[in-house]
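Participant: after the sequence you'll find the predicted model.
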Amino acid sequence: MTHFPHVHPQKRSPRIQLGGSVLALVMLEDGQHAKAKLQTVSVTGGLLRLGRSLSQGDFVEVAFHMQSGPVRGMAEMLSPVRAASDGALQPFRFVALGDDDHRTLRMAVDSAADRSFQGLRSSHWSAPRGISPQSK
């Protein structure tokens, strides 16, 4: 079955900040392809750093590899957010993902959210007064 991710205006999908550490391949409708770096990803879309921006509304196939496995999905390119000398930052939204791709992406996002929550919880937790970590 294919998933068609929906954006919920009141609830934003959790995002993973990758900072360009994940390479992505963008396949265009005309058969051309472009290399990109994935800056941010969620189960509904993401942000790519491309050598040159694509047209808003272009339908592409985006492929990348997360720690949980490969992800490949159909996406719509959105309006570029910034052009720079080293390329453009351009968001995209997934319009279709296969079951395995959706599961892989969901696992990556959930895992990152869990790690972030665990780090936040451990760095902000302190024992109540009078109780030391060694006391039982």
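Facilitator: Right, received. Where do you want to start? Residues are numbered from 1 along each chain as shown.
Participant: ok, Val43 to Met66 distance?
Facilitator: Val43 is 12 Å from Met66, where distance means Cβ to Cβ, to the nearest Å. For the C-beta atoms, the positions are set from N, CA and C on the backbone; glycine is no exception.
Participant: intersection of neighbour lists for those two?
Facilitator: Leu105 (Cβ atoms under 8 Å, 6 or more residues apart in numbering).
Participant: the residue nearest the centre of the chain pairs with what?
Facilitator: In the chain, the C-alpha nearest the mean C-alpha coordinate belongs to Val41, at 0.8 Å (Cα atoms, centre = their mean). Beta-bridge pairing of Val41 under DSSP bridges involves Ile16, Gly46.
Participant: is it true that it touches Thr104?
Facilitator: No - using Cβ atoms under 8 Å, Val41 makes no contact with Thr104, being 11.2 Å away.
Participant: spell out which residues are contacts of both of the two.
Facilitator: Common contact partners of Val41 and Thr104 (Cβ under 8 Å, 6+ apart): Met66.
Participant: any low-confidence regions in this structure?
Facilitator: In the prediction, the chain carries residues with pLDDT under 70 at positions 1-12, 84, 113-136.
Participant: how about the strands in it?
Facilitator: In the chain, the strands defined using DSSP state E lie at 2-3, 16-27, 33-41, 45-50, 59-66, 69-77, 82-84, 87-98.
Participant: highest average neighbour count across these?
Facilitator: strand 45-50 (a mean of 23; mean count of other Cβ atoms under 10 Å).
Participant: what is it packed up against?
Facilitator: strand 16-27, strand 33-41, strand 87-98 (3 or more Cβ pairs under 8 Å, 6 or more residues apart in numbering; DSSP states H and E).
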